[in-house]
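Enquirer: Fold the following.
(chains A and B)
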Number of protein chains: 2
Amino acid sequence: MSVHDGLLLIDGIESFTSLVADELENRWATGAGTLDSVCYYSLVPTGKLFRPLLLLDSAQAVGGDAAAVLPAAAGAECGHVASLIHDDIIDQDDVRRGRPSVQSKYGLGEAIVAGDALIFDLFASLAECRRNGVSDRRVVAALEAVAKAGIELCRGQSLEAEFTASRCFDVGTYLQVARLKTASLFRGVCASGAILGGGTPVQIQALGCYGESIGTAFQIHDDLLAYLSESEVTGKPDTSDVQNGRLTLPVILAYESATPEQREQLTEALFTALDPAQGLRRLIAITSETGAVDAATALARSYAEEAKNAVLLLPPSPSRERLAFFADAVIERAY
Amino acid sequence: MSVHDGLLLIDGIESFTSLVADELENRWATGAGTLDSVCYYSLVPTGKLFRPLLLLDSAQAVGGDAAAVLPAAAGAECGHVASLIHDDIIDQDDVRRGRPSVQSKYGLGEAIVAGDALIFDLFASLAECRRNGVSDRRVVAALEAVAKAGIELCRGQSLEAEFTASRCFDVGTYLQVARLKTASLFRGVCASGAILGGGTPVQIQALGCYGESIGTAFQIHDDLLAYLSESEVTGKPDTSDVQNGRLTLPVILAYESATPEQREQLTEALFTALDPAQGLRRLIAITSETGAVDAATALARSYAEEAKNAVLLLPPSPSRERLAFFADAVIERAY
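Expert: Numbering: from 1, shown residues only, chains lettered A, B, ... in the order given. Presented below is the predicted three-dimensional model:
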């Protein structure tokens, strides 16, 4: 990619980001009551808006009009934030994006209800696309894709809780959780963008696969962050996974190739450590020594490559380039 | 109504109830994991299926095919049960429909996620109607009505929490909460039934008004149950409202017309009673003495009358008769 192409690509991302941020700022800024304030707090200042960007580029990559599907892009963020709010209740995480989490600031009841409201808003946003000229047929097809993705997301959250309770170091189950809990929403976002943008069945299928692959890469990379030695602040406490005994890929791979002594240290750090920070340090050492961090990184990279291959089916366009760029960025901590 | 007509009416209700119950039994009975079991538990054995029945009769009353909109009717129950599950978490109610509530049986995390999944299923159910021959245009219009109803429901839950915390005996706020928290879903259910069934704009509007009125009557009556001297088991502890200090219509109306001494007794029973059962007995006495129970009953009846008037705009049909019947039944504890 030339420097000029690179700048154009970044310009496109920035312009879409700002469009979605404006849309989100307006969505719950009615001052109609506490619920609206809570939803606004959860959405603004916005995160990196990765899912909305994927939806807009998926729509544009198949010849659709990004402005017409903008409500759905904002809706994708609402759906995502809803799952974060409810996750933070379940995991008792008090910090999100460097600020108090919703339940920590407003209490359990408001947090549950705000998450629900944002799920409803996700679906309201699909109907809004009709007003922008998107056909009823496309809206209904997107509705189906998004509702299915939402149910899979819930299945993933439930399965993850079982998986954590099982204390069973199983790569297959980890990947199933990642697919359901994270990748299904990415699939839904990219597929619904392609549907709303008027893509052919083959294009919709390709962007669905792209979404699932980039989503899996994203989740693996997200789980890696805590175990990277140069670990930066991710907006939530890095000890959260240790405190919740979460079985993430680096830990599972480390367990698989660990010595009996390392296994004992690993399970102790993950399940019985009295001091989470100390437990995390121990896990960082073991996941590095066993090569598990490198192996997990390689797996994330292979999913990112799958995502890049999937979009090669689409005609060349700036949006297709950005989608390929995102697949690299997602495993390089840019998103 | 003749005995013969009455029997036909009951037959129709029983046949619709059994259709919806079968549909609900099949929806989450896939054995796919814990989430599916939790959702199934929350839905089966079914409640009275009041909202699905209203949706089916709203569709049929405008000439639609009940079988075609059956998924949406089941979806209406999913949306309703989702709100019950999340409500029971917020109110810490351990009993629902005479059984352990979802969070009491499966824990907080599963209860939050099951509620979310049922909201997603509500929307999946709308898309399913397309497969039964309902047009895309109607599905999108129903999507809009249902998403809007869901957001209002959340606003109502949030406003109710504020209202409870305010300890301010205000009829206007009570009615606003009832409209948002309860009547909006009834409106959404009846309006979406009319939309999916192919009603004219006037018919859709009439059935929306019917839903809002019957929903308000329903909520007032539901709040009355705890204070009726012949109070029966409602499937949840009758002391729940007292324990949560909920400002319901009988209590508010009693406060308005109470003597200073009664007011003191009333606020003490509602806000500081150490023994909820004793507090409830005190409130039953005061709401009866002040005539508040009668006044609240009269208000419920006037909303039920409004509902009956609204459906007079529709052509005569067995479904219209049932809708009128429901408006009476809702304030006579049949639903």
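Enquirer: Which residue is the nearest non-sequential neighbour of the residue of the stretch 201-335 of chain A found nearest chain B?
Expert: Chain B sits closest to A:Asn244 of the stretch 201-335 of chain A, with a gap of 10.8 Å, by CB to the nearest CB. Where you see a C-beta, it was placed from the backbone N, CA and C, and this is true even at glycine. Excluding the flanking residues, the one nearest A:Asn244 by CB to CB, 6 or more residues apart in numbering or on different chains is A:Asp91, at 5.5 Å.
Enquirer: And for A:Asp136?
Expert: B:Asp136 (3.8 Å).
Enquirer: do A:Pro52 as well
Expert: A:Ala73 is the one closest to A:Pro52 (CB to CB, 6+ apart), at 3.8 Å.
Enquirer: my read: the one you found touches A:Gln60, true?
Expert: No: when contacts are counted by CB atoms under 8 Å, A:Ala73 is not listed as touching A:Gln60 (10.8 Å).
Enquirer: which residues in chain A form strands?
Expert: A:95-96, A:99-100 (DSSP state E).
Enquirer: mind checking pLDDT for A:Gly279?
Expert: At A:Gly279, the model reports a pLDDT of 89.
Enquirer: ok, it - how many residues close by?
Expert: 23 (other CB atoms under 10 Å in any protein chain shown).
Enquirer: List the contacts of it.
Expert: A:Thr239, A:Val242, A:Ala269, A:Leu270, A:Ala273 (CB atoms under 8 Å, 6 or more residues apart in numbering or on different chains).
Enquirer: Touching, the first one and A:Gln278? I think so.
Expert: No: at 9.5 Å, A:Thr239 does not count as touching A:Gln278 under the criterion of CB under 8 Å.
Enquirer: For the two, indicate the residue with more neighbours.
Expert: A:Thr239 (17 against 13).
Enquirer: Who are the contact partners of A:Ala161?
Expert: Counting by CB under 8 Å, 6+ apart, the residues that A:Ala161 touches are A:Ile90, B:Thr34, B:Gly109, B:Glu110.
Enquirer: let me fix that: A:Ala307
Expert: So A:Ala307 contacts A:Cys209, A:Tyr210, A:Ser213, A:Ile214, A:Ala217, A:Leu323, A:Ala327 (CB under 8 Å, 6+ apart).
Enquirer: returning to that earlier point: quick one: which two of the contacts of A:Ala161 are the most distant?
Expert: Farthest pair in the contacts of A:Ala161 (CB to CB) is A:Ile90 and B:Thr34. Separation: 13.7 Å.
Enquirer: follow-up on the earlier one: could you verify my assumption that the residue nearest to A:Asn244 touches A:Ser240?
Expert: Yes: counting by CB under 8 Å, A:Ser240 is a contact partner of A:Asp91 at 6.5 Å.
Enquirer: out of A:Ile90 and B:Thr34, which sits in the more crowded spot?
Expert: Between A:Ile90 and B:Thr34, counted using other CB under 10 Å, A:Ile90 has the larger neighbour count: 19 against 16.
Enquirer: Apart from its chain neighbours, what residue comes closest to that one?
Expert: Spatial nearest neighbour of A:Ile90, excluding adjacent residues (CB to CB, 6+ apart): B:Gly109 at 4.2 Å.
Enquirer: per-residue pLDDT, the one you found?
Expert: pLDDT, B:Gly109: 96.
Enquirer: ok, now A:Arg246?
Expert: 88.
Enquirer: From A:Asp93, how far out is it?
Expert: 12 Å (CB to CB, to the nearest Å).
Enquirer: The lowest-mean-pLDDT helix or strand in chain A packs against which elements?
Expert: The helix or strand of chain A with the poorest confidence is helix A:240-243; it has a mean of 82 (mean pLDDT, DSSP states H and E). On a contact count with 3 or more CB pairs under 8 Å, 6 or more residues apart in numbering or on different chains; DSSP states H and E, helix A:240-243 meets helix A:276-289.
Enquirer: more crowded one of A:Ala73 and A:Gln60?
Expert: A:Ala73 (30 against 24).
Enquirer: quick one: contacts for the more buried one?
Expert: By CB under 8 Å, 6+ apart, A:Ala73 lies in contact with A:Val20, A:Glu23, A:Arg51, A:Pro52, A:Leu53, A:Leu55, A:Leu56, A:Ala66, A:Gly193.
Enquirer: Just the pLDDT at the first one, thanks.
Expert: I take that to be A:Val20. 97.
Enquirer: so it makes contact with A:Ala74?
Expert: Yes: when contacts are counted by CB under 8 Å, A:Val20 is listed as touching A:Ala74 (5.8 Å).
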